[in-house]
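> Give me the fold of what follows.
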Amino acid sequence: MPKIVKNLTLDPEAVRNGERYSREKGTSVSQLVSDFLSRLPVDDERQLAPVVARLLGIARGKADERGYHRYLDKKYAR
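The predicted structure follows:
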């Protein structure tokens, strides 16, 4: 994949930390930033699966998280 040049405005301390960390890890600050940005979720990845989206809102009442945990504890005999 071709690289794109992008200028960033950063705090001097952040640059020093990034340079030190990249030297320790044997990489570049550019690669650190690229790796970080590549791991950010894309909006499409946050969409619910179609079956989950269809089920959403079917149940009535308020979900009780403690009750759910009690159910799991009982089911798996903790």
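> quick one: the helices in this structure?
Here the chain has its helices, by DSSP state H, at 12-25, 29-38, 50-55, 65-75.
> Let's have these in TSV, adding mean neighbour count.
C-betas here are computed from N, CA, C, even on glycine. Below are the helices of the chain laid out as TSV (neighbours: other Cβ atoms under 10 Å):
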stretch	mean neighbour count
helix 12-25	11
helix 29-38	12
helix 50-55	9
helix 65-75	9
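> To residue 6, which of the ones you listed lies closest?
Within the helices of the chain, the stretch nearest residue 6 is helix 29-38; the backing value is 8.8 Å (Cβ to Cβ).
> Quick one: mean pLDDT over the closest one.
In this model, helix 29-38 has a mean pLDDT of 93.
> and the angle for it with helix 12-25?
100 degrees (axes from the mean of the first three to the mean of the last three Cα atoms, to 10 degrees).
> sorry, back to before: worst mean pLDDT among the helices of the chain?
helix 50-55 (a mean of 75).
> okay, that one in PDB with CA atoms only?
The C-alpha trace of helix 50-55 is given here as PDB (Å, rounded to 0.1, in the frame of the first residue of the first chain):
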ATOM      1  CA  PRO A  50     -28.500  -8.500  11.400                       C
ATOM      2  CA  VAL A  51     -29.900 -11.100  13.800                       C
ATOM      3  CA  VAL A  52     -29.000  -9.000  16.800                       C
ATOM      4  CA  ALA A  53     -30.400  -5.900  15.300                       C
ATOM      5  CA  ARG A  54     -33.700  -7.700  14.600                       C
ATOM      6  CA  LEU A  55     -33.900  -9.000  18.200                       C
END
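> Which secondary structure elements does it sit against?
The helices and strands touching helix 50-55, judged by 3 or more Cβ pairs under 8 Å, 6 or more residues apart in numbering; DSSP states H and E, number zero.
> Reformat the helices of the chain as JSON lines; add distance to residue 5.
Conversion of those to JSON lines gives the following (distance: least, Cβ to Cβ, whole Å):
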{"stretch": "helix 12-25", "distance to residue 5": "17"}
{"stretch": "helix 29-38", "distance to residue 5": "9"}
{"stretch": "helix 50-55", "distance to residue 5": "40"}
{"stretch": "helix 65-75", "distance to residue 5": "48"}
